[in-house]
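Undergrad: quick one, fold the following:
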Amino acid sequence: MGVRGLKAFLSRHRRVGADTMVFIYHLQDHPRYSPLTQLLLEAWEMGRNAGVISLITLLEVLVKPKREGNMEAARDYLELLTTYPNLMIVEVDLQVAELASDLRARYGVRTPDALQVAAALRAGATGFITNDRRLKRVAELEVVLLDELLP
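TA: Residues are numbered from 1 along each chain as shown. Prediction:
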């Protein structure tokens with residue numbers, strides 16, 4: 001599938017939610033996944049698609065550099081996520097929490113994952129990119145795994 005598979009997925013979804021690992025793979029220049037994450041971020045930057053994350057992603061991306069005492073990287077990551085073109089950060093509010101509880105009850109996904117998907121749904125996303133197989137159970141939007149997109 002590779003890049004073509006991701007392009008086909010993006011062509012079906014104007015607004016796409018992304019799990020934290022998409023950014024971690026991108027920021028760490030992961031040899032297997034960075035070509036896919038680069039294409040996704042370029043699609044957002046050019047306005048071909050809009051991205052959606054929750055505040056959970058921001059929290060999770062900042063943990064490693066802060067744990068390592070790398071405050072410069074933490075600041076860079078914060079700036080990247082909060083200023084990236086066509087990337088919406090959804091706060092976890094009452095509606096997101098209620099929707100996340102529905103997802104947890106229906107599919108048994110973990111709380112952070114339920115909040116991520118609920119935030120994407122609340123923002124109108126119809127697709128979600130992750131590498132967490134458990135999220136494939138969620139039927140409210142099309143979930144694609146990065147592993148499924150690898151050639």
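Undergrad: ramachandran angles for D29?
TA: Main-chain dihedrals, D29, degrees, to the nearest 10: phi 50, psi 50.
Undergrad: neighbours of it, just the number please.
TA: 10 (other Cβ atoms under 10 Å). No exception for glycine: its C-beta is placed from N, CA and C like everyone else's.
Undergrad: and the residue nearest the centre of the chain, what are its bridge partners?
TA: The centroid of the chain falls nearest to A18 when counting by Cα atoms, centre = their mean (1.4 Å). Beta bridges link A18 to I129 when assigned by DSSP bridges.
Undergrad: residue ranges with poor pLDDT in the protein?
TA: 1 (pLDDT under 70).
Undergrad: show me the strands in it, by range?
TA: 15-18, 50-54, 87-90, 127-130, 142-145 (DSSP state E).
Undergrad: could you dump those strands to TSV with distance to G69?
TA: Below are the strands of the chain laid out as TSV (distance: least, Cβ to Cβ, whole Å):
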stretch	distance to G69
strand 15-18	27
strand 50-54	25
strand 87-90	25
strand 127-130	29
strand 142-145	33
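Undergrad: so which of those strands gets nearest G5?
TA: strand 142-145 (7.9 Å; Cβ to Cβ).
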